[in-house]
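>>> this is a predicted model, with the sequence first.
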Amino acid sequence: MKATIKDFMPLGIMLAGVLMLAGQLAVPAPAFAQRMSAPRQDDPVEMLARDVERARSIRQVKDLQYSLTQYAQYGLIDEIMTLYSDSAVIEQVYEGRTIQGHDAIRRYWTERLGGQNGLGPQQLFHQMFMSPTVTLNYDGRGASGRWTELTMRGRWNGRNPAADWSGGMQVNDYVRENGVWKISRVRDYHQLEGSYYDGFFAAHPELPLVPYHFSPLQVGRPVPTEPGDADRTLRGLSLEQIEAQIDTMNAEDEIRSLQNMYGYYVDQKMWDDVTDLFAADGAMEIAGVGIYVGSASIRRGLERDGLQGLQRGQINDNIQLHTVVEVDPNGYEARVRGTQLGMVTPELGRAFWSVSTFVNRYVKGADGKWRIREMRLFPDVKADYYQGWHLSQVVDTAPSGPLAPDRASGADQSPQVSAVMPVFLRNPVNGRDVGYPGGFSGVGADRLLPAPAALAIPARDGAQAPRIAEARRKLNVAKAYDAIENLSGAFGDYLDDWLWDEFSAIMAEDGTRPQGSGFHVGRNNVYNAMTESHRAPPSATNPRDNVRPHKRIQPVIQVTPDGRRATLRTRLFLYFANDVRAGAFNGGMYPNETLVLEDGVWKYEVGGVIDQTYIGSTSYEDGWARRGLDLPATPPHRDLGRGNDEGEESRYYNSDITRPADIPWSLFSYRRGGNARFPDVKPMWFAYRNPISGRTPTYYCPHILTCFGP
């Protein structure tokens, strides 16, 4: 019997109602959460401190890894070495090489960074760590993390220019030494390499699966609740101090999501929404170009990259990576540092890479919302895709006329042309300011604007029991953030490795996943759909000779106040490597996924809904900008079909899937506006309104299962 839209309306209405109710009610921790987080000893404050310490550890490990890549980007070998434990080991697994001890690891980094301490304006080392899955050991003494790594390296000094790619997977162990987290063991699985001229290929004839350090149950509950009290750093804190630690974690999550939202708005040149994220008296600096102060000027300055809205043949992807947040003890200011990877096409047929460092200041308003007060962007490289960063260097200068900045920012502020480095946050191991090698100086430490007026922080008072209950509710929200980021990483890794048992295990009991002609509901149906739609997975008789990472990065995670449900938006960063042809890049969006806490473990309720491919490379030579040069404009509202949105090659993907979908795509208007293909502009869907102004995006879908209708 043919399904109709009415058959599925109750499910959509029920889910929408649950989400709406969860989003509006800020209730004390539910009974289930209280049981999961119940104190194990007589002192509830002490047990709360232990649980906060464990939750903070997950973040500290990720910040440690991001600090490593931020230091490597500027060649700070001395700072890099502070991040390793006394007995640290680097294992290059496929090559059978072991590097042990600080002296050997220093030599390893010196070789990788070109033999010097400090990288200047004619060198590039951009090592991206993506899609983290980090879990804490049950005793709290150790942690492990799985990362995908991709590195852009080069020099363009005119005498011996060179540029290359490398990448793979890392599964790393971390240990707490003297109260701080350090890297203890790196397992490096080198999977791809190649020159910029030729492109990147598989590094070995066979690329065995990288072992997993976690189970599907662990990935959705990375912070253990079992007894354990090892090496505590929050011991003896008062309840008020512990509450402040939890508030800091909640602030970090809000700021990270806001930074990532900024990137998505920039992608589509949604300049009004970008401006909304700034404080009214905010400032924006592009080093070497200029400084814009105040909302009107910031809005004007954004149009350096064109008028609002993408035009046909344009791509403006600005990927936010390695974001580290440092909240001030005053509770209403924060500093944020990270990197931005640009994949930009200003017009059909032209394309540019760019790598920049952002150093931002955020401020919390009287309405409780965080806003960008200062955004400072420091370019490291901008290069023509079709020449490479070793042969092309594009240096932007200050515009004149209506787009001119309010204040100058000279070339001496730009790492692209001067021996300067954007200021770092404090070293996560020793807590000190980062030092600069001889011949280099720091930029961006000063304020563009006067310090904001102090914000009154309400006093904490009342009986201990309700305060602890409220603290645990907020802590559950913070723990959810890291569990969901873990799930997102595992989703892509299981998909890459065709591990359908594990893939279906991270779905909720009634979890829903689109594949082929529509949605499949329930773990068993998801499992069957995935096994039927993919050919034989790699095995001893069918060895894997390629990788195709589905990297889910730049998450916007919004958890309901009760810590039981969440929505997730991530960017799909997809590339491949084999030994036949050079790898190329594709990119898209998972704009609207939902997750739920089920039996104490976070699971996908609706996962894997891809919202078109925004960057698509037919080949390494053509890149993303020359695809479809001879295509006519896509007719409006044309449905080009779902097909295989995630880009698996036909060699691996079974297009003859016959399993009927539980909910067919024909019932959805999710693609209203057309399934455009580049060079046409693709509509970008959002599951949220602008968090500051409340502005509703043109393509708005708060929950995928309710986007029905003609």
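Received it, and whenever you're ready, just let me know what you need.
>>> how far off centre is the lengthiest helix in the chain?
The longest helix of the chain (DSSP state H) is helix 464-497. Distance, stretch centre to chain centre, for helix 464-497: 15 Å (C-alpha atoms, centre = their mean, to the nearest Å).
>>> before we move on, what about stretch 110-130?
With C-alpha atoms, centre = their mean as the basis, stretch 110-130 stands 22 Å off its chain's centre.
>>> stretch 308-322 now?
Centroid separation between stretch 308-322 and its chain, computed with C-alpha atoms, centre = their mean, is 16 Å.
>>> just stretch 176-195 next, same as before
How far stretch 176-195 lies from its chain's middle: 19 Å, per C-alpha atoms, centre = their mean.
>>> only C-alpha atoms, please: export it in CSV.
The C-alpha atoms that make up stretch 176-195 are tabulated as CSV, following Å, rounded to 0.1, in the frame of the first residue of the first chain:
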residue,chain,number,x,y,z
ARG,A,176,47.5,13.5,33.5
GLU,A,177,50.9,14.4,34.9
ASN,A,178,51.1,16.7,37.9
GLY,A,179,47.5,17.7,37.5
VAL,A,180,47.7,18.7,33.7
TRP,A,181,47.0,16.7,30.6
LYS,A,182,49.8,15.8,28.2
ILE,A,183,50.2,13.7,25.1
SER,A,184,51.6,10.3,26.0
ARG,A,185,51.3,8.1,22.8
VAL,A,186,50.6,9.0,19.2
ARG,A,187,49.6,6.2,16.8
ASP,A,188,50.0,7.8,13.4
TYR,A,189,48.4,6.0,10.4
HIS,A,190,49.9,7.7,7.4
GLN,A,191,47.3,7.2,4.5
LEU,A,192,47.9,9.8,1.8
GLU,A,193,50.6,12.1,0.4
GLY,A,194,51.6,13.9,-2.7
SER,A,195,53.0,17.1,-4.2
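>>> OK, contacts around Phe378?
When the contact criterion is C-beta atoms under 8 Å, 6 or more residues apart in numbering, the partners of Phe378 are 287, 356-359, 413-415, 422, 443-444. (Glycine included, C-beta is placed from N, CA and C.)
>>> so where's the stretch 201-350 of the chain shaky on pLDDT?
Scanning the stretch 201-350 of the chain with the threshold set as pLDDT under 70 gives 227-234.
>>> break down it into its strands, ranges please.
201-202, 278-286, 290-293, 315-327, 333-345 (DSSP state E, counting those that start in this stretch).
>>> for Arg689, which of the ones you listed is the nearest?
strand 278-286 (16.9 Å; C-beta to C-beta).
>>> just the buried positions in that closest one, please.
278-279, 282-286 (16 or more other C-beta atoms under 10 Å).
>>> can you put the strands of the stretch 201-350 of the chain in TSV and add distance to Thr698?
Supplementary listing: the strands of the stretch 201-350 of the chain in TSV, determined by distance: least, C-beta to C-beta, whole Å:
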stretch	distance to Thr698
strand 201-202	41
strand 278-286	21
strand 290-293	26
strand 315-327	16
strand 333-345	21
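>>> need the helices for the stretch 101-250 of the chain, in chain order.
For the stretch 101-250 of the chain, applying DSSP state H, counting those that start in this stretch gives helices covering 102-112, 216-219, 239-267.
>>> dump these to JSON lines, plus mean neighbour count and distance to Thr541.
Output for the helices of the stretch 101-250 of the chain, formatted as JSON lines (neighbours: other C-beta atoms under 10 Å; distance: least, C-beta to C-beta, whole Å):
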{"stretch": "helix 102-112", "mean neighbour count": "15", "distance to Thr541": "36"}
{"stretch": "helix 216-219", "mean neighbour count": "20", "distance to Thr541": "26"}
{"stretch": "helix 239-267", "mean neighbour count": "20", "distance to Thr541": "42"}
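>>> and those as CSV, adding distance to Leu595?
As requested, the helices of the stretch 101-250 of the chain are exported to CSV (distance: least, C-beta to C-beta, whole Å):
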stretch, distance to Leu595
helix 102-112, 37
helix 216-219, 12
helix 239-267, 14
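>>> can you tell me the closest non-neighbouring residue to Asp78?
Excluding the flanking residues, the one nearest Asp78 by C-beta to C-beta, 6 or more residues apart in numbering is Asn117, at 6.5 Å.
>>> repeat for Thr135
Counting by C-beta to C-beta, 6+ apart, Thr135 lies nearest to Pro222, which is 4.5 Å off, once chain neighbours are set aside.
>>> my guess is that neighbour meets Tyr138, correct?
No. Between Pro222 and Tyr138 there is no contact, the gap being 11.4 Å when judged by C-beta atoms under 8 Å.
>>> so for the two, which sits in the more crowded spot?
Neighbours per residue, other C-beta atoms under 10 Å: of Pro222 and Tyr138, the larger number sits with Pro222, 26 against 14.
>>> residues in contact with Pro402?
For Pro402, the contacting residues are Arg300, by C-beta under 8 Å, 6+ apart.
>>> A strand includes it, no?
No. Using DSSP: H, G, I helix; E, B strand; the rest coil, the secondary structure at Pro402 is helix, not a strand.
>>> from Leu307, how far out is it?
12 Å (C-beta to C-beta, to the nearest Å).
>>> what does Val547 give?
Spatial separation of Val547 from Leu307 under the definition C-beta to C-beta is 40 Å.
>>> who has more neighbours out of those two?
More neighbours surround Val547 than the other of Val547 and Leu307, with 23 against 10 (other C-beta under 10 Å).
>>> contacts only, for the more buried one.
168, 191-192, 202, 207, 496, 576-578.
>>> just Thr151 next, same as before
125-128, 165-167.
>>> which one of the residues you listed is nearest to Tyr688?
Taking the contacts of Thr151 together and measuring to Tyr688 by C-beta to C-beta, the closest member is Met128, at 25.9 Å.
>>> touching, the closest one and Gln320? I think so.
No. Met128 is beyond contact range of Gln320, at 11.4 Å (criterion: C-beta under 8 Å).
>>> now for those two: what residues contact both?
Contact criterion C-beta under 8 Å, 6+ apart; no residue bridges Met128 and Gln320 by contacting each.
>>> show the model's pLDDT score for Ala22.
pLDDT recorded at Ala22 is 38.
>>> going forward can the numbers begin at 15, since that is how I track them
With 15 as the first residue, the last one maps to Ala36.
>>> what residues are bridge-paired with Ala216?
Ala216 has these beta-bridge partners by DSSP bridges: Leu206.
>>> what is the subsequent helix or strand relative to the helix or strand of the chain with the lowest mean pLDDT?
Least confident helix or strand of the chain, by mean pLDDT, DSSP states H and E, is helix 45-50 with a mean of 34. Using DSSP states H and E, the helix or strand that follows helix 45-50 in sequence is helix 58-87.
>>> my guess is Glu546 contacts Pro674. True?
No. Using C-beta under 8 Å, Glu546 makes no contact with Pro674, being 11.2 Å away.
>>> any low-confidence regions in the stretch 565-714 of the chain?
Applying pLDDT under 70 to the stretch 565-714 of the chain flags residues 641-671, 682-689.
>>> between the contacts of Phe392, which has the most around it?
Highest neighbour count within the contacts of Phe392, by other C-beta under 10 Å: Ala301, with 28 neighbours.
>>> residue contacts, it?
Contact partners of Ala301, counting by C-beta under 8 Å, 6+ apart, are 390-393, 423, 427-429, 457-458.
>>> and if you look at Ala591?
Contact analysis of Ala591 by C-beta under 8 Å, 6+ apart lists 181, 205-206, 214-217, 560-562, 597.
>>> related to what we said a few turns ago, any idea which of the contacts of Thr165 has the most stuff around it?
If you count neighbours using other C-beta under 10 Å, the busiest of the contacts of Thr165 is Gly181, which has 25 neighbours.
>>> residue contacts, it?
With contact set as C-beta under 8 Å, 6+ apart, Gly181 has these partners: 162-165, 204-207, 214, 591.
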